[in-house]
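Trainee: Need coordinates for the below:
(2 chains, ligands or ions: 3)
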Amino acid sequence: MEISTNTLQQIEDAINSYPEPKSALLKILHLFQQKDGYISQETIDWISKKLSMEPLNVLEVITFYPIFRTKPVGRFLLKICHTLSCELQNSSEVCKILQKELNCPELGGTSLDGLFTIEYCGCLANCDKGPNILLNGKLCQEITPENAKTFAFNLKRGIVP
Amino acid sequence: MGFSKILPANPHHMAIVERRVLLKHVDEPGYVTGLECYLNHEGYEVLKKSLLRKPEELRQEVVNSGVRGRGGAGFPTGVKWNFLKKSDKPIFLICNADESEPGTFKDRQIIHKDPHQLIEGIMLAAYAIQAKQAFIYIRGEMAEGADLLESAIREAKNKQFVGQNICGSSYSCDITVHRGAGCYICGEETGLIESLEGKRGYPRIKPPYFPANLGLYGCPTIVNNVETLCQVKHILDVGGKEYAKIGTPNNTGTRIWCVSGMVKKPGYYEFPCGSLTLGELIFDVCGGMFSGRNLKAVIPGGLSSKILKAGEIFRGSLKDGTPFEWSLTDIPLDYDSLTAVGSMSGSGGIIVLDNSVDMLRVIANICDFYAHESCGQCTPCREGSLWLKKITARMLNGQIFNTDPDLLLSIANQIEGKTICAHGEGIAWPVQSLVSKFKDEFLGETLLIPQKRLPQAPSEKEILARL
Ligand SMILES: Cc1cc2nc3c(=O)[nH]c(=O)nc-3n(C[C@H](O)[C@H](O)[C@H](O)COP(=O)(O)O)c2cc1C
Ligand code: SF4
Ligand code: FES
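Mentor: Ligands and ions are numbered 1, 2, ... in the order given. As a prediction, the model looks like this:
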C-alpha cells in the first residue's frame, strides 16, 4: 500500500497527540477516508499493524460510527438532516426532490454516473437555518423545497453554495 | 398573556434586551476568529491573571459562582470539580463539543466565531483542576469547526497560551482536538470517553465509572460542555460571588437559548437565567408565530426533554416552597422553573411547534431519531426504541388503534430508569409526555384526517402480529 510521507507524518502526529496510541484510531480513519473516500480492507490491515490491534477491532470501530464507510460513495455525498427542526421545514420533501434531480432513487445508494450519494443524518446543530445538508463535509443551510431544484441544478455543474 | 400569576415570572419586567456575555463578540462586524483580533479584545487576560493564583482558589471561585453545566444535566460545575481526589494518576479535562442534542446550536457559534474564548476557558479550567492534558471532543460532522479549533490552538501555542509553560508559568498543558464520527451517543460523557480511547462509544456503567473517579484511561477526568467552559472564563474574570449576581439563586449566569421551529425569528439568544419567560422569548424576541398560526407546544430543552403544551396550567411549588401557577408562556427560562413544570432546560434547545404541526409526525420523527442512535447495549433501550419507532411509523401510515397510546406508554415506561445511560430517558420522556398530552390527536379525535381512526381495537396479540 502506497502512503505518502505527508500522510505518514500526519499519522505519527496523530499518535503523538494522545497519551495512548490507540486513541488515534478515529483520527487515522478520518485521514484515510478523506484521502481514499472510504476505508478499504488493505487500510484496515495496515492500521491494525500500526496500532498493534486485531483487524477485527478496527472493523468493529468502523461499523459503529456512521461517518466511516467501507465502500466508495459518489463524488458528492449529501447528508440531509432529518431531525425534527429540519423536518418541520420539510427536509424529507427536499430529500425527495434531490433524489429525483440527482438520480438517486435509493437512499444510501449512488447515482449511476457515480457522482451523487444521498443519505439521511441526524441533527447538524444548525437548526435555526434548516433544512440543512452536509455536502462532502461542508454545511449547506436553508435548502428548502423551493430552492432544492436550483441547488441540484448547480451541483450537477459542480457549483457548490 | 395568559393567566394571572401567583409568582411574577419576571420581577424586573422591563424591555427585553439580550445580555451577551459569551456571545459578546459573536456576529460583531469586523470580529474575526484569529488570535490577533482576540488579543485586541482583551483576550487571554483572564488566563494571565489567573495563572498567578492558586488552582484551589480558582476552583473556589467556580464553586462560589454556582454555575451549573450547560451540556444537559445542569450539574454544578464547582461541585463536580471537587469530586476529583488527589492521586498519583494524571487528571484529564475534556471539552464536550459533540453538540448533538437535536435543537441545539450554541456551541457551534462559539467554535466557529470565537474559538479563542473556548481555548482560554479550557486552559483556565485545566489549570484549576491541574489537568495534564485537555481534549476537545468535537462531532465528526463539524469538520470545519475542527479545523478552526486546530488552527486557533496552533496560534495560541505559538504565543504560549497553550502548551509548555503557559504565559511563562510553570504550568504546561496541551489541547488535542478529537473528532467523533457521527454518533449522538458519543455526547454522553462516558460514551465520549470510550470513543476518545479509540473504541466504540458504548456508555459505561455508573458506578463505578464516574469520570471524576475512573475516566479517560482509568484516570480522574472532568467532562464539561463548551458553553460551561466559556462561562468559567467570565467567572474568573469578575469573581465567583460577582458572577453569582447574574441570574437568580441556583440559576446563575447567562444562558444561550437556541430557538428553532415555527417562529418568525429563530436563532440563538443569550439572557441571564430567569430574566425572561418562555412567552417573552417566543413572542418578543423571536417575533412570535407565523401569521394565522397559534402556539401549540414547546420542547424546551433539546429533543429529549418533555414537551409542554399550550393551554396547560402548571402548578406546584419551587424548591424554596414558593407556590407557582403558570401558563406555558409564563414559565421563566431557567433550570429550576423548567424542572418544576416537569420538563428540563437541558441543552437550551427550544423547539417551537404551532397548530400546523401534526403531533404524530413529531412523535414518529423523535422515535426514529432515538431508535437510530441507541448504541444497543441495553435491551430496554435497543428494543424499546425500535418498537416505538415501528409503532409510530405504522400510525403515521394511517393504521392507528385506540390501544396505541397505552402501548406506547407501556414501552416508554419499561425503558425509563432501566438503562445504562440517560439515552433511555431521552426516548422515554418525549414519548410519555407526547402521548399523555396529545393522545386525542393521535387517535384522530381532533385530527384533520378522521378516517385514520379505526373503529375497533384489536387485541394486543393482533397488534404484535401486525408490527
Ligand atoms: C444521550 C446523551 C447525549 C449527550 N450529548 C451531549 C452533547 O452533545 N454535548 C454536551 O455537552 N453534553 C451532552 N450530554 C451530557 C454529558 O453526558 C455531560 O453531562 C456533559 O457534557 C457535562 O458537561 P456540563 O457539566 O458542562 O454540562 C449528553 C448526555 C446524554 C445522556
Ligand atoms: S441506554 Fe441506550 S444508548 Fe445508553 S447505553 Fe443503553 S442502549 Fe446504549
Ligand atoms: S434538526 Fe436539522 S440541524 Fe438540527
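Trainee: got the residues of chain A near ligand 3?
Mentor: By the rule C-beta under 6 Å from any ligand atom, the part of chain A lying against ligand 3 is A:81, A:83-86, A:123-127, A:130, A:132. Just so you know, the C-beta spots here come from the backbone N, C-alpha and C atoms, and that holds for glycine as well.
Trainee: dump the residue contacts of the residue of the stretch 151-300 of chain B found nearest ligand 1.
Mentor: When distances are taken as C-beta to the nearest ligand atom, the stretch 151-300 of chain B reaches nearest to ligand 1 at B:Gly187, 2.3 Å away. Listed by C-beta atoms under 8 Å, 6 or more residues apart in numbering or on different chains, the contact set of B:Gly187 reads B:71, B:96, B:98-101, B:139.
Trainee: and those residues, which of them are in strands?
Mentor: Members of the contacts of B:Gly187 lying in strands (criterion: DSSP state E): B:Asn96.
Trainee: of the contacts of B:Gly187, closest to A:Pro55?
Mentor: A:Pro55 has its nearest neighbour among the contacts of B:Gly187 in B:Arg139, at 26.6 Å by C-beta to C-beta.
Trainee: Give me the distance between stretch B:232-240 and the centre of its chain.
Mentor: Centroid separation for stretch B:232-240 versus its chain: 22 Å, with C-alpha atoms, centre = their mean, to the nearest Å.
Trainee: re earlier: now render the contacts of B:Gly187 as CSV, adding neighbour count and pLDDT.
Mentor: Formatted as CSV, the contacts of B:Gly187 follow (neighbours: other C-beta atoms under 10 Å in any protein chain shown; pLDDT from 0 to 100):
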residue, neighbour count, pLDDT
B:Gly71, 26, 95
B:Asn96, 28, 98
B:Asp98, 30, 97
B:Glu99, 29, 96
B:Ser100, 28, 93
B:Glu101, 24, 96
B:Arg139, 28, 96
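Trainee: Reformat the contacts of B:Gly187 as a markdown table; add distance to B:Lys159.
Mentor: Formatted as a markdown table, these follow (distance: C-beta to C-beta, whole Å):
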| residue | distance to B:Lys159 |
| --- | --- |
| B:Gly71 | 29 |
| B:Asn96 | 26 |
| B:Asp98 | 28 |
| B:Glu99 | 27 |
| B:Ser100 | 32 |
| B:Glu101 | 34 |
| B:Arg139 | 28 |
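Trainee: In terms of distance to chain A, which of the contacts of B:Gly187 ranks first?
Mentor: The shortest approach to chain A among the contacts of B:Gly187 belongs to B:Glu99, at 4.6 Å (C-beta to the nearest C-beta).
Trainee: Would you list the phi and psi of B:Ile94?
Mentor: phi -120, psi 130 (degrees, to the nearest 10).
Trainee: Thought B:Ala131 was touching it, still the case?
Mentor: No: in this structure, B:Ile94 is not within contact of B:Ala131 by C-beta atoms under 8 Å, at 9.2 Å.
Trainee: list the residues that contact both of the two?
Mentor: Residues touching both B:Ile94 and B:Ala131 (C-beta under 8 Å, 6+ apart): B:Ile222.
Trainee: where exactly do the strands run in chain A?
Mentor: For chain A, the strands defined by DSSP E occupy A:76-81, A:116-121, A:133-135, A:138-140.
Trainee: tell me the most buried of these?
Mentor: Greatest average neighbour count among these goes to strand A:76-81 (a mean of 23), per mean count of other C-beta atoms under 10 Å in any protein chain shown.
Trainee: which secondary structure elements does it contact?
Mentor: Counting contacts by 3 or more C-beta pairs under 8 Å, 6 or more residues apart in numbering or on different chains; DSSP states H and E, strand A:76-81 is packed against helix A:91-101, strand A:116-121, strand A:133-135.
Trainee: who's in contact with residue 48?
Mentor: In the absence of a named chain, chain A is used. By C-beta under 8 Å, 6+ apart, the neighbours of A:Ser48 are A:54-55, A:57-58.
Trainee: My question was about chain B, not that one.
Mentor: Contact analysis of B:Lys48 by C-beta under 8 Å, 6+ apart lists B:Cys167.
Trainee: Just the element for it, please.
Mentor: Per DSSP states H and E, B:Lys48 falls inside helix B:45-50.
Trainee: quick one: B:Lys206 and B:Thr190 touch, right?
Mentor: Yes: with contact defined as C-beta under 8 Å, B:Lys206 counts as touching B:Thr190 (6.9 Å).
Trainee: would you list the helices and strands packed on strand A:76-81 in JSON lines and tack on mean pLDDT and distance to chain B?
Mentor: Converted to JSON lines, the helices and strands packed on strand A:76-81 look like this (pLDDT from 0 to 100; distance: least, C-beta to the nearest C-beta, whole Å):
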{"stretch": "helix A:91-101", "mean pLDDT": "96", "distance to chain B": "9"}
{"stretch": "strand A:116-121", "mean pLDDT": "96", "distance to chain B": "7"}
{"stretch": "strand A:133-135", "mean pLDDT": "97", "distance to chain B": "6"}
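Trainee: Dump those to a markdown table, plus distance to B:Phe105.
Mentor: Shown next, in a markdown table, are the helices and strands packed on strand A:76-81 (distance: least, C-beta to C-beta, whole Å):
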| stretch | distance to B:Phe105 |
| --- | --- |
| helix A:91-101 | 15 |
| strand A:116-121 | 15 |
| strand A:133-135 | 14 |
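Trainee: Now do the same contact list for the residue positioned nearest the centre of chain A.
Mentor: Chain A has A:Ile67 as the residue nearest its centroid, 5.3 Å off, counting by C-alpha atoms, centre = their mean. Contact partners of A:Ile67, counting by C-beta under 8 Å, 6+ apart, are A:33, B:140-141, B:181-182.
Trainee: Now it. Its backbone dihedrals?
Mentor: The phi/psi pair for A:Ile67 (degrees, to the nearest 10) reads phi -70, psi -30.
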